[in-house]
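Enquirer: I would like the atomic coordinates for the input below:
(4 chains)
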Number of protein chains: 2
Amino acid sequence: MATGRTHRPATRSRGIPEATVARLPLYLRALTALSERSVPTVSSEELATAAGVNSAKLRKDFSYLGSYGTRGVGYDVEYLVYQISRELGLTQDWPVVIVGIGNLGAALANYGGFASRGFRVAALIDADPAMAGKPVAGMPVQHTDELEKIITDNGVSIGVIATPAGAAQQVCERLVAAGVTSILNFAPTVLSVPDGVDVRKVDLSIELQILAFHEQRKAGEGAAAEAEPAPGRRSAVGAPEVNAADADVDAPEADSAAASRKGPDGDVPAVMPA
Amino acid sequence: MATGRTHRPATRSRGIPEATVARLPLYLRALTALSERSVPTVSSEELATAAGVNSAKLRKDFSYLGSYGTRGVGYDVEYLVYQISRELGLTQDWPVVIVGIGNLGAALANYGGFASRGFRVAALIDADPAMAGKPVAGMPVQHTDELEKIITDNGVSIGVIATPAGAAQQVCERLVAAGVTSILNFAPTVLSVPDGVDVRKVDLSIELQILAFHEQRKAGEGAAAEAEPAPGRRSAVGAPEVNAADADVDAPEADSAAASRKGPDGDVPAVMPA
DNA sequence: CAATCTTTGTGCACGCGTTCACAAAGACAT
DNA sequence: ATGTCTTTGTGAACGCGTGCACAAAGATTG
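Expert: Residues are numbered from 1 along each chain as shown, chains lettered A, B, ... in the order given. This is a model prediction of the structure:
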């Protein structure tokens, strides 16, 4: 083949495939582990195993970044850590705010995985006045009223939403209006945002539902009839009112944003289980 | 979105596409909201908007389940809720165990989205003896020693791992050995499991890293040079030892499973930031 | 320097998922 | 009953992602 690629495509817009981008953090994690063990180089085969992917896929992924490997040897760990970090934008500091400091929000605030990757929790925000000033993860919770000022003063461009579903859209709009252009949404709701704003969602119960689907498949493999994998069953469906009851419990935490603006109908559809 | 997926060789027998299965919970959520508002029928267009997807995609998805719509009218909400619930296996009870009751584990235990979808938290398990008996989410935490007995007695087939990365693989193996065949992994580690066991992973920091990538893209759109979206920066990369220090903090919680079996090397590669 | 060995980088083919576009089906009005 | 209107269900085209398989590149050895 031709003598390799030009190291710098120069044109930023020349896209790395989305699927590849999603795997870069995986590689980075594996590489960091190797780095800590002072492993100097690693082959695509070894690294692929460590990252849980196919080696051909890994090589192709890396080829989008440039030719950083040495044939017959492998990849230089430290160099690759740097290149991937740079590509992901982790060589700079990203201040983030977490809105909705309930169980989940607090857990996220305490999550060390953020800080270790260049993400700095700039502020914790909650709509409950009773929460204001209360220290969580060694940081005082601030009231929603301060949201805009916090975003502006800290130059925050990434926001994490961990509010109840009913409050998520409103919080989202305020974040965006204040200048946030990337949102990580933990609320079980579809957020609508203007063009130019990225939203990624993490839904804890959706993953379980997908597992349940496959689990049911397994159980019903031999028998066509209903499987009974465990003692105790229930009907579940057909009792919408239990979902309504879940509304408060459902939310990952106790943010009172929803309560403060309870539309008798407005948040019923939004506050969803699942 | 949450990531994670094990190798799915070929589509199961009369398989619904994996991508479709992953969207069913989304539809179900939107439909439940409509059901609570007593909306009798809904068109593919409306429902697609509510679920945040393309209407053609939605129709094709539903076509895999059967012809449940009425041309010229739309879909019967209640009927569709039932059909999707049944397809996902949510009409039966799924007892789950949560292993690793730290910040994240506790948040999950309190998360109402599980119970409202047919998932019953059968037990909370932690390796820390000091946690044993302590009530979390109205349920006493049990010690890891009881793991196998709990799984067997409750017929648990789905396990949630919220331990530090260093303990995840070991916990995983014990769960599988005890009969668990589906695992939801929150630990930032690649789990290796035997065939027939499904693993889905949720990595909180990977999502942020993906956002950072796009954010960097936006910032560098006009200027070719390094962007400065906020006051304060850092070098981040090139300091592996800070990651090592993160090891304990990194874990979403305080499960001491890792501590109880600290291999001087065994968990170093596993305990990863990111 | 030549031969051999290892591992990368990638051309190519295949399959899955997405989207378009439309005919068929049924509701509804006249 | 007939015609019109709405919306589903799906055939087909397209694009992306994945994995195979191999030639090129460089290390290493004799």
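
Enquirer: And A:Ser116, how close does it get to A:Ile84?
Expert: 15 Å (CB to CB, to the nearest Å). The C-beta positions use only the backbone N, C-alpha and C, and glycine is treated the same way.

Enquirer: Could you do A:Leu124 as well?
Expert: For A:Leu124 relative to A:Ile84 (CB to CB), the value is 29 Å.

Enquirer: Those two - which one has more neighbours?
Expert: Applying other CB atoms under 10 Å in any protein chain shown to A:Leu124 and A:Ile84 shows that A:Leu124 carries more neighbours, namely 26 against 23.

Enquirer: Convert the one helix or strand that one maps to to CSV, retaining C-alpha atoms only.
Expert: If you go by DSSP states H and E, A:Leu124 is part of strand A:119-126. The C-alpha coordinates for strand A:119-126 follow below in CSV (Å, rounded to 0.1, in the frame of the first residue of the first chain):
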residue,chain,number,x,y,z
PHE,A,119,-14.0,16.1,34.0
ARG,A,120,-14.2,18.5,36.9
VAL,A,121,-17.5,18.8,38.8
ALA,A,122,-17.9,22.5,38.9
ALA,A,123,-21.2,22.5,40.8
LEU,A,124,-24.0,20.5,42.2
ILE,A,125,-27.5,22.0,41.6
ASP,A,126,-30.8,21.1,43.1
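
Enquirer: Other residues contacting it?
Expert: With CB atoms under 8 Å, 6 or more residues apart in numbering or on different chains as the test, strand A:119-126 has contacts from A:93-102, A:105, A:109, A:114-115, A:132, A:136-137, A:139-144, A:146-147, A:150, A:154, A:156, A:158, A:255-257, B:205, B:208, B:212, B:232.

Enquirer: 6 Å instead, please
Expert: Strand A:119-126 is contacted from outside by A:93-99, A:101, A:109, A:136, A:139, A:141-142, A:144, A:147, A:150, A:154, A:156, A:255, B:208, using CB atoms under 6 Å, 6 or more residues apart in numbering or on different chains.

Enquirer: Name only those of those residues that count as buried.
Expert: Buried members of the contacts of strand A:119-126, counted by 16 or more other CB atoms under 10 Å in any protein chain shown: A:93-99, A:101, A:109, A:136, A:141-142, A:144, A:147, A:150, A:154, A:156, A:255, B:208.

Enquirer: Now, those residues that are in helices?
Expert: Secondary structure from DSSP state H places A:109, A:147, A:150, A:154, B:208 of these in helices.

Enquirer: tell me, which of these make contact with DNA strand D?
Expert: Taking CB under 7 Å from any atom of the strand, there is no overlap between these and the neighbourhood of DNA strand D.

Enquirer: now the helices: where do they sit in chain A?
Expert: A:18-36, A:44-51, A:55-65, A:77-88, A:103-110, A:112-115, A:147-154, A:165-178, A:204-219, A:240-250, A:257-260.

Enquirer: can I get the ones you listed in TSV with distance to chain B and mean pLDDT?
Expert: Formatted as TSV, the helices of chain A follow (distance: least, CB to the nearest CB, whole Å; pLDDT from 0 to 100):
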stretch	distance to chain B	mean pLDDT
helix A:18-36	4	98
helix A:44-51	7	98
helix A:55-65	12	98
helix A:77-88	4	97
helix A:103-110	4	97
helix A:112-115	3	89
helix A:147-154	6	98
helix A:165-178	9	98
helix A:204-219	3	95
helix A:240-250	4	33
helix A:257-260	13	36
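
Enquirer: Spell out which parts of the stretch 101-250 of chain A neighbour DNA strand C.
Expert: Counting by CB under 7 Å from any atom of the strand, the stretch 101-250 of chain A has no residue next to DNA strand C.

Enquirer: Neighbours of the residue in the stretch 101-250 of chain A that DNA strand C sits nearest to, how many?
Expert: Minimum separation of the stretch 101-250 of chain A from DNA strand C (CB to the nearest atom of the strand) falls at A:Ile210, amounting to 12.2 Å. Around A:Ile210 there are 24 other residues, counting by other CB under 10 Å.

Enquirer: For it, list the residues it contacts.
Expert: A:Ile210 neighbours (CB under 6 Å, 6+ apart): B:21-22.

Enquirer: just A:Gly159 next, same as before
Expert: A:97, A:175, A:180, A:183.

Enquirer: Which two among those residues are spaced furthest apart?
Expert: The span of these, defined through CB to CB, is set by A:Val97 and A:Ile183 at 10.4 Å.

Enquirer: just to revisit the earlier point, and the angle for the strand holding A:Leu124 with helix A:103-110?
Expert: 150 degrees (axes from the mean of the first three to the mean of the last three CA atoms, to 10 degrees).

Enquirer: Can you list the strands that strand A:119-126 pairs with?
Expert: strand A:94-99 (parallel), strand A:141-143 (parallel) (DSSP bridges).

Enquirer: Run through who's touching the last one.
Expert: Which is strand A:141-143. For strand A:141-143, contacts defined as CB under 6 Å, 6+ apart pick out A:101, A:123-126, A:131-132, A:134.

Enquirer: right, so the helices of chain A: which one is the most enclosed?
Expert: Comparing the helices of chain A by mean neighbour count (mean count of other CB atoms under 10 Å in any protein chain shown), helix A:103-110 comes out on top with a mean of 25.

Enquirer: Pull the CA coordinates from that one and hand them back as CSV.
Expert: What follows is helix A:103-110 as a C-alpha-only set of coordinates in CSV (Å, rounded to 0.1, in the frame of the first residue of the first chain):
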residue,chain,number,x,y,z
ASN,A,103,-29.5,9.3,45.2
LEU,A,104,-28.2,9.1,41.7
GLY,A,105,-27.0,12.7,41.5
ALA,A,106,-25.0,12.2,44.7
ALA,A,107,-23.6,8.9,43.5
LEU,A,108,-22.5,10.7,40.3
ALA,A,109,-20.9,13.5,42.4
ASN,A,110,-18.9,10.9,44.3
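
Enquirer: What distance do you get for A:Thr91 to A:Arg217?
Expert: Distance from A:Thr91 to A:Arg217, by CB to CB: 44 Å.

Enquirer: actually A:Pro129, not the one I wrote
Expert: Taken as CB to CB, the span from A:Pro129 to A:Arg217 is 48 Å.

Enquirer: before we move on, what about A:Ala19?
Expert: A:Ala19 is 25 Å from A:Arg217, by CB to CB.

Enquirer: go on, A:Ala177?
Expert: With the distance defined as CB to CB, A:Ala177 ends up 45 Å from A:Arg217.

Enquirer: ok, now A:Tyr79?
Expert: On the measure of CB to CB, A:Tyr79 and A:Arg217 end up 44 Å apart.

Enquirer: and which of the contacts of strand A:141-143 is nearest A:Leu191?
Expert: A:Ile125 (16.7 Å).

Enquirer: what's the neighbour count on the closest one?
Expert: If we define neighbours as other CB under 10 Å, then A:Ile125 has 31 of them.

Enquirer: Can you read off the pLDDT for the closest residue to it other than its chain neighbours?
Expert: Once flanking residues are discounted, A:Ile125 sits nearest to A:Val99: 4.6 Å by CB to CB, 6 or more residues apart in numbering or on different chains. On the pLDDT scale, A:Val99 is placed at 98.

Enquirer: quick one: A:Val99 and A:Glu173 touch, right?
Expert: No: with contacts counted by CB atoms under 6 Å, A:Val99 stays clear of A:Glu173, the gap being 11.8 Å.
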